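# Please work out how this folds:
(one chain, ligands or ions: 1)
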Amino acid sequence: MSFDNRLLKKIRREFPGVAADPAGRKRAFLDNGAGTLVTRRSALAEAVTRINWSANVGNYFPESKGAGETILEGRKAVSDFLRADGPETVISGESCTSLLFMLSYALSRNFKGEENVVTTGYEHYANINPWAELGGMGLITELRFSKFDLDTGLLDIEDMKRLVDKNTKVVTVAAASNVLGTRTDLQEVGKIAKEAGALFVVDAVHHVAHAPTDVKRMGCDALVFSGYKLFSRHGSYMYLTPELIERLHPYKVDPSPKHGPEKWELGTRDQAMFGAIRGALDYLVWLSDPKAKACPKPGPQRSARMRVAMEKIETYEKELSRIVLDGYGKQVGLRYIPGLTLYGPHEVTPGIGRDPTFAFKLSGYDDHQLSKLLWDNYAIAVGAEDYYSRVPAQYKAKTMTRATFVHYNTIDEALHLLKALNELASKQR
Ligand SMILES: Cc1ncc(COP(=O)(O)O)c(C=O)c1O
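Got it, this is the predicted structure:
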């Protein structure tokens, strides 16, 4: 196990809301897929930015200079986190949904109506409608969905190979399904895209909190993620290759910059979101080596520290996933609870792994009833909805119950969930 108890306690102290809700009720927060809790460092950095650097950029007084510096430092931190080409490749936006719309519209200016786009069968609609809209406007022939196996939750790579052809201009995939927890083999999909001469776009919104992200290793042309799924606040980021940043023409107003990430940013930037994400990423630097005194300067050393933190997180979450799936001690795991249908991988997928996201249904309960019972009787926060995903419909379901763990969750919380589900299952027998 990569975190011993002392480290886990320290980690939990970094998250003010981790043990109890605002009313003081102790609870297990397992709705992280909808948005993680915020780290103290991010909230404080946001507050400092709001109070000290509230002016608009581009002027000579300290509030304005501070705003500009905060934005630049935020971009540098995101670039280090993604192992990108530098701050000038990091674009900010209101949400990943809006950034993907920006990207699809900018790309489609060069389409002739003969092109197609390929994606997976388990996407969030944020990575569907931006491309489907192009079909509605006659700018692409179709948006093609690659199948996934309904039993294992894994992407059918052979099907994706069949769907990609010489007219495929974009292959755009979730790094992990926000419902099933399935991870996409990004190396493999990236290869398919490149061989066809298509752009490779990655929606990392769900996956970003669970493993290192390395845009160079993936060979992607664009990648999006959101601060509120990475221990920060709302506001999202898109990596684009330097070549695409300059070559494409996003919608913009005339006076705004013609080059660099600012060309892509609609209206005034929000310096507080940059302050906040820097705070969250400083937390990762701390986590990589809690005894280290100083935070390294922006650049490869800091990037390596962030990677170490994400590797530790991934190792710990793998153990958590195994416990949730297989059970531990007296607690029967999700795979074996009678009456419980688990969707997605039933094991930590060899090689690519899986995110600690578990969607299920328990016979005898509808999802809303189940999530309310888990909250009211067991103080466990989980989701019950469609998660804006294509997944539930493919299992002929409107909703699913979902528990999503992140690294600040404990084994006790995992066992508490299993105990609760085992008890509720036994009431139906
Ligand atoms: C995989 C995935 N993509 C996209 C989104 C949407 O992100 P945003 O709210 O930043 O638009 C989500 C949100 O849950 C998601 O899980």
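
# domains of the chain?
5-37+310-427, 46-281 (automatic domain parsing).

# Nearest to the ligand, out of those domains?
For these, the distance to the ligand is smallest for domain 46-281, at 3.3 Å, taking Cβ to the nearest ligand atom. In short, each C-beta sits where N, CA and C put it, glycine included.

# now do the same end-to-end measure for that closest one.
13 Å (Cα to Cα, to the nearest Å).

# quick thing: my sequence starts at 44, can you match it?
Shifting the count to begin at 44 puts that one at domain 89-324.

# How far does it sit from its chain's centre?
11 Å (Cα atoms, centre = their mean, to the nearest Å).

# hang on, the earlier thing: of the domains of the chain, flag the one that's most buried.
domain 89-324 (a mean of 20; mean count of other Cβ atoms under 10 Å).

# circling back: would you format the domains of the chain as JSON lines with mean pLDDT included?
Formatted as JSON lines, the domains of the chain follow (pLDDT from 0 to 100):
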{"stretch": "domain 48-80+353-470", "mean pLDDT": "97"}
{"stretch": "domain 89-324", "mean pLDDT": "97"}
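
# any chance of these in CSV, with distance to the ligand too?
Output for the domains of the chain, formatted as CSV (distance: least, Cβ to the nearest ligand atom, whole Å):
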stretch, distance to the ligand
domain 48-80+353-470, 6
domain 89-324, 3
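
# Including distance to residue 345, could those go into TSV?
Listed next are these as TSV, based on distance: least, Cβ to Cβ, whole Å:
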stretch	distance to residue 345
domain 48-80+353-470	13
domain 89-324	5
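
# Verify the stated contact: residue 333 with residue 53.
Yes: when contacts are counted by Cβ atoms under 8 Å, residue 333 is listed as touching residue 53 (6.2 Å).

# remind me, longest helix of this structure?
Taking DSSP state H as the criterion, the chain has its longest helix at helix 343-369.

# Relative to the whole chain's centre, how far out is the following helix or strand past that helix?
Sequence-wise, the next helix or strand downstream of helix 343-369 (DSSP states H and E) is strand 370-371. Relative to its parent chain, strand 370-371 has a centroid offset of 27 Å by Cα atoms, centre = their mean.

# same for strand 370-371, what does it pack against?
With contacts defined as 3 or more Cβ pairs under 8 Å, 6 or more residues apart in numbering; DSSP states H and E, the packing partners of strand 370-371 are helix 454-470.

# packing partners for the helix it packs on?
By 3+ Cβ pairs under 8 Å, 6+ apart, helix 454-470 packs against strand 71-72, helix 343-369, strand 370-371, strand 374-375, strand 400-405, helix 410-421, strand 423-424.

# Out of these, flag the one nearest residue 165.
Comparison of the helices and strands packed on helix 454-470 against residue 165 by Cβ to Cβ identifies strand 400-405 as nearest, at 10.7 Å.

# now for that closest one, which elements pack on it?
strand 383-386, helix 410-421, strand 443-447, helix 454-470.

# try 7 Å
Here strand 400-405 touches strand 383-386, strand 443-447, helix 454-470, going by 3 or more Cβ pairs under 7 Å, 6 or more residues apart in numbering; DSSP states H and E.

# Convert the C-alpha atoms of the first one to CSV, please.
Listed next in CSV are the C-alpha coordinates belonging to strand 383-386 (Å, rounded to 0.1, in the frame of the first residue of the first chain):
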residue,chain,number,x,y,z
LEU,A,383,-26.2,-6.4,-7.1
THR,A,384,-25.5,-5.8,-10.7
LEU,A,385,-22.1,-4.2,-11.2
TYR,A,386,-21.4,-2.5,-14.6
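
# Walk me through which strands that strand pairs with, and which way each runs.
strand 400-405 (antiparallel) (DSSP bridges).

# How far off centre is the partner strand?
19 Å.

# ok, and what's touching that strand?
Defining contact as Cβ atoms under 7 Å, 6 or more residues apart in numbering, one finds that strand 400-405 is touched by 76, 221-224, 367, 377, 382-387, 410, 413, 440, 443-447, 464, 467-468.

# between it and helix 454-470, how many degrees?
Here strand 400-405 runs at an angle of 20 degrees relative to helix 454-470 (axes from the mean of the first three to the mean of the last three Cα atoms, to 10 degrees).

# Just want the angle from strand 400-405 to strand 443-447.
140 degrees.

# got the CA positions of strand 400-405 in PDB?
Taking Å, rounded to 0.1, in the frame of the first residue of the first chain, the C-alpha atoms of strand 400-405 are listed here in PDB:
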ATOM      1  CA  THR A 400     -15.600   4.300 -10.100                       C
ATOM      2  CA  PHE A 401     -18.300   1.700  -9.500                       C
ATOM      3  CA  ALA A 402     -21.800   1.900 -11.100                       C
ATOM      4  CA  PHE A 403     -24.300  -0.600 -10.000                       C
ATOM      5  CA  LYS A 404     -28.000  -1.400  -9.300                       C
ATOM      6  CA  LEU A 405     -29.400  -3.300  -6.300                       C
END
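
# returning to what we had before: what packs against the longest helix of the chain?
Applying 3+ Cβ pairs under 7 Å, 6+ apart, we find helix 343-369 packed against helix 105-125, helix 314-331, helix 454-470.

# export these to JSON lines and tack on distance to residue 421?
As requested, the helices and strands packed on helix 343-369 are exported to JSON lines (distance: least, Cβ to Cβ, whole Å):
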{"stretch": "helix 105-125", "distance to residue 421": "35"}
{"stretch": "helix 314-331", "distance to residue 421": "29"}
{"stretch": "helix 454-470", "distance to residue 421": "4"}
